[in-house]
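Trainee: okay, predicted coordinates and the sequence, questions at the end:
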Amino acid sequence: MRGWVRDWIRRRQGPDRDDVTLRRGRIYILPTGLGLAFGVMLVAMLLGSLNYANNLGLVLTFLLGALGFVAMHACHRNLEALVVKTAGTEPPFAGQPAVFRFALANHGRAPRFDLETTSTAGGPSGTSVAGGGEATVEIRVPTRRRGSIELERVEVATRYPYGLFRAWAVLHPDLACVVYPSPAAGAPPPPLSPSLSGGGSRRRGDDDFAGLKDYHPGDPPRHIAWKAYARAGELLVKEFSGDAETIPVFDLADAPGGDLEARLSILARWIVDASARGMTYGLRLPGDEIPPEPGESQRRRCLAAIARFEAPATDVA
C-alpha cells in the first residue's frame, strides 16, 4: 500500500529540479496514533456526557474538539509556503554516510517549529526556522561501495503543535552524490621512477636557490617568498636549481593486486596522501588522464574519476 501511494504521489507531482514552494496541494495530513486516541477519547466523553446529561462534560468535550481542529490547522499551516532548496552534497568514502543538504526558507513572519526532513534511505533531521529566516538540514545516507548514490525521495514533515496530526510534503529531487573508494589501509608506496609506467613529468629541483620568479597558479605554496611579499607586496616564488624532481602521475597499471577494487583503493590512498602533503600530481586511468595540478579541487577530481571508473571489456582485472 505504501509503495502504491509513493508511486501515485510521484506520478502526480513529477520530479522537482528547482526550488519547491510547499503549496496546499502538496501537503498531506493525517492523525497520528496520539491523535486517533484523542479522537476516541472525545467520542467516549461525548457518549458519556449525553448519557448522563452532563452539561459540563459536553462543554469540555466540545472545547477539546475545537482544540483538535485548531491543532490540525496549525499543523498544516506550519508547512504551507515553506521553500525547500537543494544545498549541495558532500561526497564520502565508501562506508561513510553520504550527506545531502537542503535549505528550508521561511519568507513569512510566523516561525516554523519542529520541522523534520527524512528519506527512505537516511535518518531524520530536525530543525526550526524563524520568521524570514533560513535553516539547513542534512540527510545522511549510508554507503557500502564506490560509485554514485541517488536520493530520489525526501519528506518534509511536522507534528507541531501537539503531536495529534502529522503533515508532510514529498519532494523528488533526484540528487546524486559520488562515493569515493575507501583508501587502502596497507597500500604500498607509489613508484618513485616515472619510467615504471611512463607516467610522470619532471620539473626543476630544489637543491640550490637560483632566484625569484613571478607566481603562477599551480606553484607550490612552500616556495612562495613571503619575506619579499612583505617588503614589496609582490607575490614571488623561489626558483631552485639542481636535480630534477618528479611530479607523480598515479597510474592504475602501477597499483598492485589482481582485484580491480583493491587496486582502485590503493590508487585512492596515493591520491589522499599526496594531497595531504600538498604535492602536485596527476592521474591516469584506461581511457582517461588528468594532468598534474595541486590543491583540493585536484583531489576531488581524481577521486571522482576513480569512483566512476568502469573497467574496459579487455581489462581482465
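Mentor: Done, it's in.
Trainee: domain parsing for this protein?
Mentor: What the record gives for the chain is the domain set 2-179, 180-204+244-317, 208-243, from automatic domain parsing.
Trainee: next, format the ones you listed as JSON lines and append mean pLDDT.
Mentor: Conversion of those to JSON lines gives the following (pLDDT from 0 to 100):
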{"stretch": "domain 2-179", "mean pLDDT": "90"}
{"stretch": "domain 180-204+244-317", "mean pLDDT": "79"}
{"stretch": "domain 208-243", "mean pLDDT": "68"}
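Trainee: export those domains as TSV, with columns for mean neighbour count.
Mentor: C-beta coordinates here come from the backbone N, C-alpha and C atoms, glycine included. Below are these laid out as TSV (neighbours: other Cβ atoms under 10 Å):
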stretch	mean neighbour count
domain 2-179	16
domain 180-204+244-317	17
domain 208-243	12
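Trainee: tell me which stretches of the stretch 101-250 of the chain form helices.
Mentor: Using DSSP state H, counting those that start in this stretch, the helices of the stretch 101-250 of the chain run over 226-232.
Trainee: for Ala74, see how far away the closest residue to Val272 other than its chain neighbours is.
Mentor: Once its chain neighbours are removed from consideration, Val272 has its nearest residue in Pro183; the separation is 5.0 Å (Cβ to Cβ, 6 or more residues apart in numbering). The span separating Pro183 from Ala74 equals 50 Å under the rule Cβ to Cβ, to the nearest Å.
Trainee: now do the SS call for Ile29.
Mentor: Judged by DSSP: H, G, I helix; E, B strand; the rest coil, the three-state class of Ile29 is strand.
Trainee: ok, it - contacts?
Mentor: The neighbours of Ile29, taking Cβ atoms under 8 Å, 6 or more residues apart in numbering as the test, are Met72, Cys75, His76, Phe165, Arg166, Ala167, Trp168.
Trainee: doesn't Val249 make contact with Ala274?
Mentor: No - taking contact to mean Cβ atoms under 8 Å, the distance of 10.7 Å between Ala274 and Val249 leaves them out of contact.
Trainee: find residues that contact each of these two.
Mentor: Residues touching both Ala274 and Val249 by Cβ under 8 Å, 6+ apart: Tyr281.
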